[in-house]
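K.L.:
Show me how the following folds:
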Amino acid sequence: KHIGTGRMVEVSQPGLERIIELKIEHLDELGDLQRKRLILELMGKHSNIIFCKEDGTILDSIKHVSAQVSSVREVLPGRMYFIPHTTDKEDPLTISEESFVRVIGSTPAPVQKALYQKLTGISPIIGTEICHMASVDGDRSANELTPAELTHLYHMFTLLMDDVKTGTFTPNIIYRGEEPVEFASVPLTCYESGDYQEKKFDSISHLLDCYYSEKNAVTRIRQKSVDLRKIVQTALERNYKKYDLQEKQLKDTEKRDKFRIYGELLNTYGYELAGGEKELSCLNYYTNETIRIPLDETKTAQENAKRYFEKYNKLKRTFEALTELTEETKREIDHLESISAALDIALKEEDLTQIKMELTEYGFIKKHGPNMKKQKVVSKPFHYLSSDGFHIYVGKNNYQNEELTFKLATGNDWWFHAKGIPGSHVIVKSEGKELPDRVFEEAGALAAYYSKGRDNEKVEIDYIQKKNIKKVAGAAPGFVIYHTNYSLVAVPGNKLEEVN
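P.N.:
Sure, this is the predicted structure:
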């Protein structure tokens, strides 16, 4: 009605507010030229689009805000539009050193919080970045900083603001592995560690498209993996309880050899008994010590011996059966924990498809019919190029681990895996060459990162040439056995570019 045939004549941003104002010219019903203002307030859950006359009178808005909802400002037709006045906030582009030191230095809040509470246009992450640049603990109370620290903080702050004033922006996304965790228009040096990687963009618009599409993909995958995680966790809890019970029952069989010795000693020294004794005291020829054997006084020596041999044989059978069952339960726990680790690094729907196939094949998910259609697998292992040009492959799940180790890798290629914990198989293609030390470090870091130990400061990594790796007969995919391996300690991280 108002602006359908209009044209945009101006786009502006008031100060550093999260507001964009569009000024639009159009012809009214009488053909006269009119101007309207379309104001976009980009404030998270409080975002709004407000349509005003040129003088600021509100015509309408997406959200109506009454006095009952906000005591600061009403957003209703007929009311005058205004930006809520931030009386306690300073303009970071014009603030003097004296004002900065006075405002920040008198705030009891943590330093990084004081920066975005007292200055307009400063976000929490930029507050953290300024503290990091100044080597100031962002969690310290701002009013505890010394004058020298406040001065240094101001100088680092002005360096950042100079880039804003000159339009020197470096749009970048910070990734942890494949997941985007933060973005900014300036470099975020507070994320400079082995756990994080930076990707730069030509424009903030392109950055935002990538960040939110990738973030949504990660969120979507996590939501879709909820059912699979529940299945794995339920099976794990059941097996943990079963394993604990079997271990206790196995411990009870440890006294079986005592009963065998009782039987043997009764057969040897039973002739000394006259009958009716409650115990036999004799020499245990296994230890050369005197032993006291409890007796059933109503039975003969031979009958007591027979009773002890029967107890021994019963416990022996229980021990043999339980040993096998306990090993089987432990294998199932290891298998489920490896699937849990695969779920942690799944980034795409096809990754979940392959994990679901494994759960179905091993009976954790029931098949819906005898001829259930097998889904086409399009998930591929991670593929990286080392700093020295060697190709490194990382399995995303047990099927891919199996394929990498026993199909892709050849005899002299190198195999890496986190020691004693679930994780991915990492294969370095040696191409018949000797690997530089840096390649071992990079492959070890990947093996640590794509394991259950990724949140640890350091992870011990086993590595060995593929020709010394053997598959465990009858085991789930990806389970191997090896001896005489080498070891290194790696910091979990992924600084390598993925090969598309």
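
K.L.:
Enumerate every residue touching residue 461.
P.N.:
The contact partners of residue 461, by Cβ atoms under 8 Å, 6 or more residues apart in numbering, come to 416, 417, 418, 419, 444, 447, 448, 487, 488, 489, 490. In this view, the C-beta of every residue, glycine as well, is placed from N, C-alpha and C.

K.L.:
how about 10 Å then?
P.N.:
If you count contacts by Cβ atoms under 10 Å, 6 or more residues apart in numbering, residue 461 has them with 416-419, 423, 426, 440-441, 443-448, 451, 453, 485-490.

K.L.:
Residue 138 now?
P.N.:
Applying Cβ under 10 Å, 6+ apart, the residues near residue 138 are 110-115, 124, 127-132, 190.

K.L.:
Could you tell me which of those residues count as buried?
P.N.:
If you count burial by 16 or more other Cβ atoms under 10 Å, the buried members of those come out as 110-115, 127-132, 190.

K.L.:
Return the subset of the contacts of residue 138 lying in strands.
P.N.:
Secondary structure from DSSP state E places none of the contacts of residue 138 in strands.

K.L.:
Show me the longest helix that occurs in the protein.
P.N.:
helix 204-252 (DSSP state H).

K.L.:
State the next helix or strand along the chain beyond that helix.
P.N.:
Where DSSP states H and E defines the elements, the next helix or strand beyond helix 204-252 is helix 256-269.

K.L.:
What is that next one packed up against?
P.N.:
Counting contacts by 3 or more Cβ pairs under 10 Å, 6 or more residues apart in numbering; DSSP states H and E, the secondary-structure elements packed against helix 256-269 are strand 279-284, strand 289-294, helix 301-345.

K.L.:
now for the ones you listed, which one comes closest to residue 233?
P.N.:
Judged by Cβ to Cβ, the one of the helices and strands packed on helix 256-269 that comes nearest to residue 233 is helix 301-345, at 7.6 Å.

K.L.:
Could you point out the helix or strand that follows the closest one?
P.N.:
Next helix or strand after helix 301-345 toward the C-terminus (DSSP H and E): helix 349-361.

K.L.:
Show me what that following helix is packed up against.
P.N.:
Helices and strands in packing contact with helix 349-361 are listed as helix 204-252, helix 301-345, helix 398-403; criterion 3+ Cβ pairs under 10 Å, 6+ apart.

K.L.:
quick one, the first one and helix 301-345 angle?
P.N.:
By that I understand helix 204-252. Counting by axes from the mean of the first three to the mean of the last three Cα atoms, to 10 degrees, helix 204-252 lies at 180 degrees to helix 301-345.

K.L.:
Report the mean confidence score over helix 204-252.
P.N.:
Taken as a whole, helix 204-252 has an average pLDDT of 92.

K.L.:
now it: how far from the chain's centre is it?
P.N.:
Centre-to-centre, helix 204-252 and its host chain are 10 Å apart (Cα atoms, centre = their mean, to the nearest Å).

K.L.:
Packing partners of it?
P.N.:
Contact analysis of helix 204-252 by 3+ Cβ pairs under 10 Å, 6+ apart lists strand 172-176, strand 179-184, strand 197-200, helix 301-345, helix 349-361 as its packing neighbours.

K.L.:
Just put these in TSV and tack on mean pLDDT.
P.N.:
TSV is the format used below for the helices and strands packed on helix 204-252 (pLDDT from 0 to 100):
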stretch	mean pLDDT
strand 172-176	92
strand 179-184	92
strand 197-200	90
helix 301-345	93
helix 349-361	91
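
K.L.:
returning to that earlier point: can you select the buried ones among the contacts of residue 461 for me in ChimeraX?
P.N.:
The following ChimeraX command selects only the buried members of the contacts of residue 461, with burial defined by 16+ other Cβ under 10 Å:
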select :416,417,418,419,423,426,440,441,443,444,445,446,447,448,451,453,485,488,490
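
K.L.:
How about the contacts made by residue 60?
P.N.:
2, 49, 50, 51, 52, 75, 76, 77.

K.L.:
Next, the contact list for residue 116, please.
P.N.:
Under the criterion of Cβ under 10 Å, 6+ apart, the neighbours of residue 116 are 89, 92, 109, 122, 123, 124, 125, 126, 127, 128, 130.

K.L.:
Secondary structure element for the closest residue in space to the last one that isn't next to it in sequence, which one?
P.N.:
Translated: residue 130. Nearest non-adjacent residue to residue 130, counting by Cβ to Cβ, 6 or more residues apart in numbering: residue 157, 5.3 Å away. Using DSSP H and E, residue 157 falls within helix 147-166.

K.L.:
what number of residues lie near the nearest residue to residue 330 once chain neighbours are set aside?
P.N.:
Ranked by Cβ to Cβ, 6+ apart and with sequence neighbours excluded, the top spatial neighbour of residue 330 is residue 243, at 6.5 Å. Neighbours of residue 243 under the rule other Cβ atoms under 10 Å: 17.

K.L.:
Roughly how far does residue 243 sit from residue 456?
P.N.:
24 Å (Cβ to Cβ, to the nearest Å).

K.L.:
Same question for residue 140.
P.N.:
In terms of Cβ to Cβ, residue 140 sits 28 Å off from residue 456.

K.L.:
so where is this protein shaky, pLDDT-wise?
P.N.:
Within the chain, the segments meeting pLDDT under 70 span 85-88, 194, 368-377.

K.L.:
which residue of it sits farthest from its center?
P.N.:
Most distant from the centre of the chain: residue 274, at 73.3 Å, with distances by Cα atoms, centre = their mean.

K.L.:
what are the phi and psi angles of it?
P.N.:
Taking degrees, to the nearest 10, you get phi -90, psi -20 for the backbone angles of residue 274.

K.L.:
now do residue 29
P.N.:
Torsion angles, degrees, to the nearest 10, at residue 29: phi -60, psi -30.

K.L.:
Provide a list of residues in contact with it.
P.N.:
Under the contact definition (Cβ under 10 Å, 6+ apart), the residues listed for residue 29 are residue 1.

K.L.:
now swap in residue 108 and tell me
P.N.:
114, 141, 142, 143, 144.

K.L.:
next one: residue 259
P.N.:
307, 308, 309, 310, 311, 312, 313, 314, 315, 316.

K.L.:
again, but for residue 128
P.N.:
If a contact means Cβ under 10 Å, 6+ apart, then residue 128 has 111, 112, 113, 115, 116, 138, 139, 182, 188, 190, 191 as its contacts.

K.L.:
Excluding covalently adjacent residues, which one is nearest to it?
P.N.:
The spatially closest residue to residue 128, leaving aside those adjacent along the chain, is residue 112, at 4.8 Å (Cβ to Cβ, 6+ apart).

K.L.:
I'd say the one you found and residue 130 touch.
P.N.:
Yes - applying Cβ atoms under 10 Å, one finds residue 112 in contact with residue 130, separated by 7.5 Å.

K.L.:
what touches both of the two?
P.N.:
Between them, residue 112 and residue 130 share the contacting residues 122, 136, 138, 190, judged by Cβ under 10 Å, 6+ apart.

K.L.:
Return the member of those nearest to residue 367.
P.N.:
Relative to residue 367, the closest of those is residue 190; by Cβ to Cβ it sits at 49.5 Å.
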